[in-house]
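Student: 3D model of this:
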Amino acid sequence: MQTVNVDTGPARLVHRGRITIQVHTEGDLYLISVVGELDMSNTAALDAELQRAEESSAGRIVLDLSGVKFIDSSGLQLLVNARRRSDPDPDRLRIRPGCDQVTRLLALTGIDELLHFEE
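Tutor: Next comes the predicted model:
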């Protein structure tokens, strides 16, 4: 499956399989919005975007999962790994929760206790 990057000016779109990742930066905010189904076929693309954000000078990274309709175990592992990488500054990475199904899965697995959610 091919990754397609689209430059849209201040934002960047990445299409990978069943997800679209939109990256937007403004000031010290690095916003990564995900739409679709997060599974083993596309977690590498999202992880690359998260690592790019972590390497930036952004003071705040927000991973917006509000458009995610499905997440599998590889997506859950991606969230745990991103959270662990943010340990030096645990407030830097914030998560916007997804749909009810995704939110319930995070709660059932206990991963919601590890993540910092944006209010």
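Student: what's the longest strand in this protein?
Tutor: As assigned by DSSP state E, the longest strand anywhere in the chain is strand 60-71.
Student: what's that one in contact with?
Tutor: With contacts defined as Cβ atoms under 8 Å, 6 or more residues apart in numbering, strand 60-71 is touched by 19, 28-39, 50, 53-54, 75, 79, 82, 86, 92-99, 101-102, 105, 118. No exception for glycine: its C-beta is placed from N, CA and C like everyone else's.
Student: so what are the sheet partners of it and their directions?
Tutor: Applying DSSP bridges to the sheet, strand 60-71 is found paired with strand 29-38 (parallel), strand 93-96 (parallel).
Student: next SSE after the last one?
Tutor: What that stands for is strand 93-96. Where DSSP states H and E defines the elements, the next helix or strand beyond strand 93-96 is helix 100-109.
Student: low-confidence ranges in the protein?
Tutor: Applying pLDDT under 70 to the chain flags the ranges 1-10.
Student: doesn't residue 48 make contact with residue 32?
Tutor: No. Residue 32 is beyond contact range of residue 48, at 10.6 Å (criterion: Cβ atoms under 8 Å).
Student: tell me which of the two has more neighbours.
Tutor: The residue with more neighbours, out of residue 32 and residue 48, is residue 32; 22 against 14, by other Cβ atoms under 10 Å.
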